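Predicted structure and sequence below. I'll ask about it afterward.
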Amino acid sequence: MEQTARPEERSCSGLTSSTHHTRGIVMSINLTNISQLEAKIDKAMKQMKSLTTTTKADFVIESVDYYLNELKKKKLIS
């Protein structure tokens, strides 16, 4: 029996994210005291003119996905 995908929930207060996947997996990430990282994220978001994400949480999620895909391409992870 195939499950339907539930919508993703993302918020930007402290870069908190919860994602509901089709397999029922829920992931949550909480980062605190990250002012330098947050400043770098803000700078990167301003410099990327073609950026489609609007929140820091979305940016971080897409960045991590991209990074993991690059590691897979280089066969550093499977």
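Here it is on my side, so go on. Residues are numbered from 1 along each chain as shown.

Count the neighbours of Ile61 for me.
Counted with other Cβ atoms under 10 Å, residues neighbouring Ile61 total 19. In this view, the C-beta of every residue, glycine as well, is placed from N, C-alpha and C.

Model confidence score at it, please.
You'll see Ile61 listed with a pLDDT of 87.

Show me what the strand or helix carrying it is packed against.
For Ile61, the host element (DSSP states H and E) is helix 56-73. If you count contacts as 3 or more Cβ pairs under 8 Å, 6 or more residues apart in numbering; DSSP states H and E, helix 56-73 packs onto strand 9-10, strand 17-20, helix 35-47.

what do you get if the cut-off is 7 Å, keeping everything else the same?
Judged by 3 or more Cβ pairs under 7 Å, 6 or more residues apart in numbering; DSSP states H and E, the packing partners of helix 56-73 are strand 9-10, helix 35-47.

Lowest average pLDDT across these?
Looking over these, mean pLDDT reaches its minimum on strand 9-10, with a mean of 46.

shaky segments in this structure?
For the chain, applying pLDDT under 70 flags the ranges 1-25.

Would you confirm that Ser28 belongs to a helix?
No. If the criterion is DSSP: H, G, I helix; E, B strand; the rest coil, then Ser28 is strand and not within a helix.

all numbers from here: first residue = 26
New numbering, starting at 26: the last item is Ser53.

That one pairs with what?
In this entry, Ser53 is beta-bridged to Ser43, by DSSP bridges.

and the gap between it and Ile86?
Computed as Cβ to Cβ, to the nearest Å, the Ser53 to Ile86 distance reads 12 Å.

cool, and Lys68?
According to Cβ to Cβ, Lys68 stands 18 Å off from Ile86.

and what of Ser75?
Applying Cβ to Cβ to Ser75 and Ile86 gives a distance of 17 Å.

can you check Gln61 too?
Taking Cβ to Cβ as the measure, Gln61 and Ile86 are separated by 20 Å.

Can you give me the buried ones in the helix holding Ile86?
Residues of helix 81-98 classed as buried by neighbour count (16 or more other Cβ atoms under 10 Å): 81-86.

try stretch 61-68
Buried positions in stretch 61-68, judged by neighbour count with 16+ other Cβ under 10 Å: Ile66.
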